[in-house]
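Peer 1: Return atomic coordinates for the entry below.
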Amino acid sequence: MNRSLLCLWMAVIIASSAILIATSNRASRAHAASKQARAELRTISQQAAELTSLRESRTDFPERPAGDSALASRISAAMARAGLVSNILQSLSPEARSPSAGDSRLTRQRATLTLANLSLPQVGKFLDAWRTAEPDWIVSAIDLIPMTSTRDTPSIGTDLPLRAVITIEGVFKDPAPKSAATPLPTLGASR
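Peer 2: Below you'll find the model as predicted:
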């Protein structure tokens, strides 16, 4: 073989190797990005399917509760089921009903209740009793605040008394309007 031909082949091999190394780095990064995008697509597809099934499972909403006193009695009943005394309910603040964004026949009801001087296990018992008794109301926010004072320091190993501010929400169907009067016959109608 000719020495110049050998040098030419060596230069071609070196140039090809350099190009392969440069493109292999980009290819491996693109492969990793593709793998991550496929995983995200799989997750988003699963979440979309779950969201669709949840929307389809809840087609009938309950009728709107009678009033704020009905909500107070339901909360008291849930507290009793959880074995809590009624004086831990510090406040109940129902908000005004607001129309739901998707359907004009639906209204969203929201209320905030404050429970004081209870332990974390008692909060859990109340939430369990509430969820069991009132599945149409969901707990949308919980704020737990320790209640400590200098004279009432809890001993080691005891539960710290808490103030729980719980926000509950529900979506309800407005009751169908009841017709008070029967329709009048039209004049001149044949009998």
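
Peer 1: Have a look at the protein and report the helix or strand with the lowest mean pLDDT.
Peer 2: strand 98-99 (a mean of 74; mean pLDDT, DSSP states H and E).

Peer 1: Neighbouring strands of that one in the sheet, and parallel or not?
Peer 2: Applying DSSP bridges, strand 98-99 is found paired with strand 106-118 (antiparallel).

Peer 1: how far does the partner strand sit from the chain's center?
Peer 2: 16 Å (C-alpha atoms, centre = their mean, to the nearest Å).

Peer 1: mind giving me the domain split of this protein?
Peer 2: The chain breaks down into these domains under automatic domain parsing: 1-53, 68-173.

Peer 1: Export those as CSV, with columns for mean neighbour count.
Peer 2: C-betas here are computed from N, CA, C, even on glycine. What follows is those, written out as CSV (neighbours: other C-beta atoms under 10 Å):
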stretch, mean neighbour count
domain 1-53, 10
domain 68-173, 14
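
Peer 1: mean pLDDT for those: which is lowest?
Peer 2: When these are compared by mean pLDDT, domain 68-173 comes last with a mean of 84.

Peer 1: and it, how far out from the chain's middle?
Peer 2: The mean C-alpha position of domain 68-173 is separated from the chain mean by 16 Å, C-alpha atoms, centre = their mean.

Peer 1: The helix or strand where Ala18 lies: what's the following helix or strand?
Peer 2: Taking DSSP states H and E as the definition, Ala18 sits inside helix 3-57. Per DSSP H and E, the first helix or strand lying C-terminal to helix 3-57 is helix 68-81.

Peer 1: before we move on, back to that, now for the helix holding Ala18, which elements pack on it?
Peer 2: In terms of contacts (3 or more C-beta pairs under 8 Å, 6 or more residues apart in numbering; DSSP states H and E), helix 3-57 is not packed against any helix or strand.

Peer 1: So that it lines up with my notes, have the first residue be 144 from now on.
Peer 2: Taking 144 as the first residue, the last one we looked at is helix 146-200.

Peer 1: Give me the contacts around the least confident helix or strand of the chain.
Peer 2: Residues from elsewhere that reach strand 241-242 (C-beta atoms under 8 Å, 6 or more residues apart in numbering): 249-251, 253.

Peer 1: run the last query once more with 6 Å
Peer 2: With C-beta atoms under 6 Å, 6 or more residues apart in numbering as the test, strand 241-242 has contacts from 250-251.
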